[in-house]
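quick one, what's the 3D model for this:
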Amino acid sequence: MEIDKKIIKKLIDVLEELKKSTKDINIEIDNKKTFEEEIDDTKTVTSPIIGTAYLAPEPGGKNFVEVGKKIKKGDTVMIVEAMKTMNHVPSNLNGVVKKVSVKDGQPVEFGQVLIVLE
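Numbering: from 1, shown residues only. The predicted structure follows:
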């Protein structure tokens, strides 16, 4: 792929003009983090490993949990696949599912919130 030097030169010129035009303007940037919702960490189920999350035991199957469903400690809430091994993730609490934080087939990290309970 050949780079057109005229286009690059024009981009640089436009950026320089923009830089000059904003020289006397004071721009304030708000660096405060915004959160959608505060989550109580004591009422969550987190991923025990890095892998791919699956909400059902098989493709097209019924999900282990859904919003509003009551679950007990030890119930499987989803499967996390790691290195071709299917690891069942048990709930560590009793409660009602408030939010499922991951989508089927989504990669997850160690400690990532999977389920929020009420």
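
rest of the way, CA atoms for contacts and neighbours
Will do.

phi, psi for Ile43 please.
Careful, residue 43 is Lys and not Ile. Backbone torsions of Lys43, given as degrees, to the nearest 10, read phi -120, psi 40.

what about the closest residue to it other than its chain neighbours, neighbour count?
Excluding its sequence neighbours, the residue lying closest to Lys43 (Cα to Cα, 6 or more residues apart in numbering) is Leu117, at 5.3 Å. Here the number of neighbours of Leu117 (other Cα atoms under 10 Å) works out to 24.

next: Gly61.
Other residues close to Gly61 by other Cα under 10 Å number 9.

model confidence for it, exactly?
Gly61 is assigned 92 on the pLDDT scale.

do Asp75 as well
93.

before we move on, what about Leu117?
93.

distance-wise, check it relative to Lys84.
29 Å (Cα to Cα, to the nearest Å).

against Lys84, how distant is the residue minimising distance to the centre of the chain?
Among the residues of the chain, the one closest to the centroid is Val102, at 6.6 Å (Cα atoms, centre = their mean). According to Cα to Cα, Val102 and Lys84 sit 20 Å apart.

cool, and Val116?
27 Å.
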